[in-house]
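>>> Compute the structure for the input listed below.
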Amino acid sequence: MTKRIVMLLTLSLLMTLGVFGQEKPKSEAPRADAKPAAGMPTVDEILERNIKAIGGEEAIRKITSRSSKGSFDLEAMNISGTFEMVAKAPNRTATTIDLPGMGKMSNVFDGTKAYSQDPMNGVREPSGPELEPLKRAADFYSALNYKKNYTKIELKGVEKVGSTDAYVLVATPPLGDPDKLFFDAKTYMLLKSESERDTPQGKMLAEQFFENYKTLDGVNVATTLRTVTPAFIVVIKLSEIKHNVPVDDAKFAKPAN
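Residues are numbered from 1 along each chain as shown. This is a model prediction of the structure:
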């Protein structure tokens, strides 16, 4: 496994976990193609309608753990493998990609600390600005906690995600760059996020698309996650999602070297 491939795989795994991280706006003004905010719903209304679209707060809180399995494809490099993620409320996650002939790579958040591991670099502990979006991504009830996880959320207008109109919210966390979130203007489901993430190789811009939503146990879950950066495109397709499964806390322990 070359150093470049390891770097790209490590970054792709970090980006996959960094849900809702966004590109830092160059100014407070919306993009030129954004529509004016007059007559649109408020930020609170968008967030409330998103919760309802997912299935409602009661249904969301009935789920306390999730196990997901599927395929992992690093496009343009013909690298494919399996993807597995377990998550447990309130804020623990463990993700592994297994690439035949290359080995396993993992990322864990134990509720306080994060750990990443790959065959070339061993175990590493992200910290500072790199850690903050991982904390937010590990929030099991993130859809209910936007105002908890961000100090400011602003509506910046409407933009297209493909052919779909989407309300654009810019959410500023206590630390790090603002997050830019795109909610379908009709269904209020989250369609896309954009992020400028801190990585071991510096900042990197990423777009993450949430596709092929399916209703499972009363909540809507995206079954395809597509991450696009200047360096790579990763597509994760989930073939198995199980809720309220027993999860051993050892899953969230620091990986062995």
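>>> only C-alpha atoms for contact and neighbour calcs from this point on.
Fine.
>>> Was I right to think E75 contacts I236?
No - the pair E75 / I236 is not scored as a contact, 10.6 Å apart, by Cα atoms under 8 Å.
>>> ok, those two, which is more surrounded?
A direct count of neighbours by other Cα atoms under 10 Å for E75 and I236 places I236 higher, at 22 against 13.
>>> tell me the secondary structure for that one?
Here I236 is recorded as strand under DSSP: H, G, I helix; E, B strand; the rest coil.
>>> any idea how far the nearest residue to T64 once chain neighbours are set aside is from D118?
Spatial nearest neighbour of T64, excluding adjacent residues (Cα to Cα, 6 or more residues apart in numbering): A89 at 5.2 Å. Here A89 is placed at a distance of 26 Å from D118 (Cα to Cα, to the nearest Å).
>>> wouldn't the residue nearest to T64 be in contact with F140 here?
Yes - counting by Cα under 8 Å, A89 touches F140, with 5.2 Å between them.
>>> Find the residues that touch each one of those two.
T64 (Cα atoms under 8 Å, 6 or more residues apart in numbering).
>>> which residues touch stretch 88-101?
64-66, 72, 79-87, 104-111, 135, 138-141, 247, 251-252.
>>> Do you have the helices of the stretch 51-200 of the chain handy? List them.
Here the stretch 51-200 of the chain has its helices, by DSSP state H, counting those that start in this stretch, at 57-62, 132-137, 146-149.
>>> just those helices: most buried one?
helix 132-137 (a mean of 23; mean count of other Cα atoms under 10 Å).
>>> Only alpha carbons, please: show it as CSV.
The C-alpha trace of helix 132-137 is given here as CSV (Å, rounded to 0.1, in the frame of the first residue of the first chain):
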residue,chain,number,x,y,z
GLU,A,132,-14.3,19.0,17.0
PRO,A,133,-16.2,17.9,13.9
LEU,A,134,-15.7,14.3,15.0
LYS,A,135,-17.4,15.1,18.3
ARG,A,136,-20.4,16.6,16.4
ALA,A,137,-20.6,13.6,14.0
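>>> show me the contacts for S163.
Contacts of S163 (Cα under 8 Å, 6+ apart): none.
>>> And it, how far from L191?
Taking Cα to Cα, one finds S163 at 12 Å from L191.
>>> Repeat that for I97.
According to Cα to Cα, I97 and L191 sit 24 Å apart.
>>> Equivalent analysis for D217, please.
From D217 over to L191 the distance is 21 Å, taken as Cα to Cα.
>>> of these two, who's got more company?
Counted by other Cα under 10 Å, D217 and L191 do not tie: L191 has more neighbours, with 24 against 15.
>>> what sits against the residue nearest to that one when sequence neighbours are not counted?
Excluding the flanking residues, the one nearest L191 by Cα to Cα, 6+ apart is F210, at 5.2 Å. Contacts were defined as Cα under 8 Å, 6+ apart; by that measure F210 touches L190, L191, K192, A222, T223, T224, L225, R226.
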